[in-house]
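> Provided below for reference: sequence and predicted model.
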Amino acid sequence: MSYAVPSMFPLHPKMDEQVARAFTANEDEEEQHIQKVQNAFLYYGPYACQRLRRTLDYFNSLPADDQRLLSKYRAHLDCVRTCIDRNQAVIRQILRERLLYPADGSSSPTSDADSEFDEPPAHVRHGDMDQAQSTLKLIARDWSTDGALEREQSYKPIIDSIKEYYKPSDYELNEIKILVPGAGLGRLTYELACLGYSCEGNEFSYFMLIASNFVLNLCDYENKYVLYPWVHQYVNNLRREDQVAAVRFPDVCPLKNPPKGNIEMAAGDFLEVYKTPHSYNCVATCFFIDCANNVIDFIRTIYKILVPGGIWVNLGPLLYHYSDVNGQNSIEPTYEDLCIIIESVGFVIECSRSGIRTKYAQNPSSMKQSEYQSLFWVCRKPGQYEEQCGKKNTKSKVSKEPHDLIMREDNDMEVLVNANADTNETETEAYEETAQT
């Protein structure tokens, strides 16, 4: 499995000359950023222990009678500290690979405890530490049996739609190129490659890239490592054991179970890296499109890089990550706005549903559970490729209005919601047929 990483390593082969020059000019800045990510990982243990220490200090200030009542809780806090230490040990293993560092090893991490920090490293902020902790949760989501339900909710609809459109009986799957922007820890990319497709994941976060490289290329057998992803959650715990629950990973070993199709991961900003028209048969996005300042940029780029007749499969909410973030611009179109945008760009919406119940990196034992009512759609880029495949063009012109009917999935049952009282029977039947394709 190959990683195409810009800057200090060979430049991404898809970058045009202008972007390549920009990365070369900013090589020092890129190296400093990677070093900051490394330092945040190495500071994980001391940072997590700071929070624990606040609780211990307050506990020790309580009256003796209160401390006796909390004797089991006090022993539990010692267990929390042990789990933090064990997480840090796994992080040291994750950082042992020098893929993202210069060949001379001058900036690469070592496995020695001396490389960790007692004080906050320079330029590392709370947000970086939050990402380090979140990475542990995402390992559990993507590469443990505990995350199987979330993967079923989020990845299966995407995989099933791709399998239906690009059937093994009709295509040489290794010739079907799929791009997964915002690939995260790489499980969706891996699963599609296991089916035989040629699959490329793209990720901007070096926290994700470092962790996914470890799972895909360095873990040599199933469930080798143990993490405690919920150890930072001090509230909404029914039992003490819930906070220190262990998660083993990887549930599947990619080294022992290599995919049938080609797989690679590429680092870089999606909008900067992917500019070549007609490059992919499919773009699969999961919890991704709301990561843009301007979601229209994402939609236009996806349309551009798809071959005629190619499809875009999407699942996720509209959280809009840059909304209300200081120093960032953001627009937050509604779903009905997105329907207009998608069709105006040129896509044909083959099917769409809302109300897809999905969780994201949730502690299954927590008293607090968050759930999205996600959107799902399959869009097709019309053109000559659909004629070669014998596909029927279901729309002759772009619609400037959103769909009158939205497919909702509530309690595992699909119901039609009539969003327009004036819709006649003919229109209703047409939309039902579209939803079934």
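Happy to help now that I have it.

> end-to-end on stretch 217-224?
With Cα to Cα, to the nearest Å as the measure, stretch 217-224 spans 14 Å from end to end.

> buried ones in that stretch?
Judged by neighbour count using 16 or more other Cβ atoms under 10 Å, the buried positions of stretch 217-224 are N217, C219, N223. Backbone N, C-alpha and C define where each C-beta goes, glycine included.

> ok, now stretch 202-216?
For stretch 202-216, the buried set under the neighbour-count rule, 16+ other Cβ under 10 Å, comprises 202-216.

> just the closest of these to N281, please.
N202 (15.6 Å; Cβ to Cβ).

> partner strands of the strand or helix carrying the closest one and their direction?
Assigned by DSSP states H and E, N202 belongs to strand 198-203. Here strand 198-203 is paired, per DSSP bridges, with strand 177-181 (parallel), strand 263-267 (parallel).

> longest helix anywhere in this structure?
helix 71-94 (DSSP state H).

> packing partners of the following helix or strand past that helix?
Later in the chain than helix 71-94, the nearest helix or strand by DSSP H and E is helix 126-143. In terms of contacts (3 or more Cβ pairs under 8 Å, 6 or more residues apart in numbering; DSSP states H and E), helix 126-143 is packed against helix 27-42, helix 44-61, helix 148-154, helix 206-217, strand 225-227, strand 247-249.

> using CSV, write out the CA atom coordinates for the first one.
In CSV, the C-alpha atoms belonging to helix 27-42 read as follows (Å, rounded to 0.1, in the frame of the first residue of the first chain):
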residue,chain,number,x,y,z
GLU,A,27,8.7,22.8,2.6
ASP,A,28,10.0,24.3,5.8
GLU,A,29,6.5,25.2,6.9
GLU,A,30,5.2,21.8,6.0
GLU,A,31,8.0,20.1,8.0
GLN,A,32,7.2,22.3,11.0
HIS,A,33,3.5,21.3,10.8
ILE,A,34,4.4,17.6,10.8
GLN,A,35,6.7,18.1,13.7
LYS,A,36,3.9,19.8,15.6
VAL,A,37,1.6,16.9,15.0
GLN,A,38,4.3,14.5,16.2
ASN,A,39,4.8,16.7,19.3
ALA,A,40,1.1,16.7,20.0
PHE,A,41,1.1,12.9,19.9
LEU,A,42,4.1,12.8,22.2
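
> kindly calculate the angle that that helix makes with helix 126-143.
70 degrees (axes from the mean of the first three to the mean of the last three Cα atoms, to 10 degrees).

> which positions within helix 27-42 qualify as buried?
Going by neighbour count (16+ other Cβ under 10 Å), the buried part of helix 27-42 is E30, E31, I34, Q35, K36, V37, Q38, N39, A40, F41, L42.

> shouldn't P254 be in contact with L216?
Yes. Here P254 reaches L216: they are 4.9 Å apart, a contact under Cβ atoms under 8 Å.

> JSON lines please, covering the buried residues of stretch 217-224 and showing pLDDT.
What follows is the buried residues of stretch 217-224, written out as JSON lines (pLDDT from 0 to 100):
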{"residue": "N217", "pLDDT": "94"}
{"residue": "C219", "pLDDT": "96"}
{"residue": "N223", "pLDDT": "98"}
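
> I'd like the residues you listed laid out as TSV, including distance to E172.
Shown next, in TSV, are those (distance: Cβ to Cβ, whole Å):
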residue	distance to E172
N217	27
C219	30
N223	34
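
> going by distance to P259, which of those residues wins?
Among the buried residues of stretch 217-224, and counting by Cβ to Cβ, the member closest to P259 is N217, at 12.8 Å.

> and the closest one, how far is that from I263?
11 Å (Cβ to Cβ, to the nearest Å).

> since we're on V345, how many residues are nearby?
Here the number of neighbours of V345 (other Cβ atoms under 10 Å) works out to 16.

> residue contacts, it?
Neighbouring residues of V345 by Cβ atoms under 8 Å, 6 or more residues apart in numbering: I296, I299, R300, Y303.

> filter the residues you listed down to the buried ones.
Among the contacts of V345, those buried by neighbour count (16+ other Cβ under 10 Å) are I296, I299, Y303.

> from the centroid of this structure, which residue is nearest?
For the chain, G184 is the residue whose C-alpha lies nearest the centre (Cα atoms, centre = their mean; 3.7 Å).

> can you pull the contacts of W230?
Listed by Cβ under 8 Å, 6+ apart, the contact set of W230 reads K137, D242, Q243, V244, A245, N363, S365, S366.

> try it again at 6 Å.
Going by Cβ atoms under 6 Å, 6 or more residues apart in numbering, W230 touches Q243, A245, N363.

> cool, and L179?
Taking Cβ under 6 Å, 6+ apart as the contact definition, L179 lies against E200, Y280, V283.

> and it, how far from S366?
Where S366 is concerned, L179 sits at a distance of 34 Å (Cβ to Cβ).

> equivalent analysis for G196, please.
From G196 to S366 the distance is 38 Å (Cβ to Cβ).

> pull the number of nearby residues for the residue nearest to H76 when sequence neighbours are not counted.
Nearest residue to H76, sequence neighbours excluded (Cβ to Cβ, 6 or more residues apart in numbering): R240, at 4.4 Å. Counted with other Cβ under 10 Å, the neighbours of R240 add up to 14.

> against E27, how distant is R240?
R240 is 48 Å from E27, by Cβ to Cβ.
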